[in-house]
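# my questions are about this predicted structure, shown below with the sequence.
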Amino acid sequence: MLRAYTVADLFTLANGSCGTISIFLCLNYIAEGRNQFFWIAFLLLFAALGCDIVDGYWSRKSSRHSVLGADLDSLADVVSFGVAPAVLGFTLGLRGAWDMVILAYFVVCGISRLARFNVTAAALSDESGKVKYFEGTPIPTSILIVGLLGAAFYENAINEALWLGVYRLGPATFHPLTLIYALSGSAMISATLRVPGCAVIQMG
């Protein structure tokens, strides 16, 4: 197993590790409320994005391609750019039942986007390994949500003070701020939104 890894795979694993530790820090913040450690949760997701970019760059430049690369990248991206941003939102106060439904929808959209990327990339690529476009936005674009939540945390606009307030819809509560997750997830699975293509070994 270890011999199968390439240098690019190590950056992919670093990506997934950053996302996993970010989730742990979110849980720690809920339990203990220590702000100084919680800021690291935000920074780790930006570090994950950096690792994701480097692993794509390294894969394109390397003469040795990993047999595990595509699957490793997708699994790491689900953690760092799907589950971790959703947990981050939950940690900051998006905990109503409707909020959780939307957060789950966001994660499922990310999973679906990556699955579609893996299935269609080879079919749409030319001999140079490039495609004209992909359908839907890449899952790492969720880093924009992370940045927005970081600004909210800096302004102490969390929990009851979350931007856009909270409403009661039927049997459960709903924070309109969660709509950014719904929009992001929908953009990922959109069949009409086309993103310019790149080398198929780049991030999905």
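Cool, the structure landed.

# pLDDT score assigned to residue 7?
Here, the pLDDT recorded for residue 7 equals 74.

# my bad, should have said residue 120
Model confidence at residue 120, expressed as pLDDT, equals 72.

# low-confidence ranges, this protein, go.
1-5, 58-69, 121-133, 191, 196-204 (pLDDT under 70).

# nearest the geometric middle of it, what residue?
The geometric centre of the chain, computed from its C-alpha atoms, lies nearest to residue 81 (C-alpha atoms, centre = their mean), at 1.1 Å.

# how much space between that residue and residue 140?
Taking C-beta to C-beta, to the nearest Å as the criterion, residue 81 is separated from residue 140 by 5 Å. Quick note: C-beta positions are derived from backbone N, CA and C, even for glycine.

# tell me the SS of the residue nearest to the centre of the chain?
helix (DSSP: H, G, I helix; E, B strand; the rest coil).

# verify the stated contact: it with residue 137.
No - Residue 81 is beyond contact range of residue 137, at 10.9 Å (criterion: C-beta atoms under 8 Å).

# helix/strand/coil for residue 164?
The assignment at residue 164 comes out as coil when based on three-state DSSP.

# dump the residue contacts of the closest residue in space to it that isn't next to it in sequence.
Nearest in space to residue 164, with sequence neighbours left out and distances taken as C-beta to C-beta, 6 or more residues apart in numbering, is residue 176 at 4.1 Å. Under the criterion of C-beta atoms under 8 Å, 6 or more residues apart in numbering, the contact list for residue 176 reads 164, 165, 167.

# which one of those residues is nearest residue 75?
Comparing the contacts of residue 176 against residue 75 with C-beta to C-beta places residue 164 closest, at 32.9 Å.

# quick check: buried residues in stretch 102-109?
The neighbour-count criterion (16 or more other C-beta atoms under 10 Å) identifies 102, 103, 105, 106, 107, 109 as the buried residues of stretch 102-109.

# quick check: chain neighbours aside, which residue is closest to the last one?
Which is residue 109. In space, and not counting its chain neighbours, residue 109 is closest to residue 185: 3.3 Å by C-beta to C-beta, 6+ apart.

# which positions in the helix or strand where residue 109 lies come out as buried?
Following DSSP states H and E, one finds residue 109 within helix 97-124. Going by neighbour count (16+ other C-beta under 10 Å), the buried part of helix 97-124 is 98-100, 102-103, 105-107, 109-111, 113-114, 116-117, 121.

# off-centre distance for that helix?
Computed by C-alpha atoms, centre = their mean, to the nearest Å, the chain-centroid distance of helix 97-124 equals 10 Å.

# just the strands in this protein please.
Here the chain has its strands, by DSSP state E, at 133-135, 167-169, 172-174, 194-196.

# next, residue 193: phi, psi?
Per-residue torsions, residue 193: phi -80, psi 120 (degrees, to the nearest 10).

# when you give positions from now on, start the count at 159
Renumbered: residue one is now 159, and that last one reads residue 351.

# adding distance to residue 188, write the buried residues of stretch 260-267 out as a markdown table.
As requested, the buried residues of stretch 260-267 are exported to a markdown table (distance: C-beta to C-beta, whole Å):
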| residue | distance to residue 188 |
| --- | --- |
| 260 | 19 |
| 261 | 15 |
| 263 | 22 |
| 264 | 19 |
| 265 | 18 |
| 267 | 25 |
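
# right, I'll leave it there.
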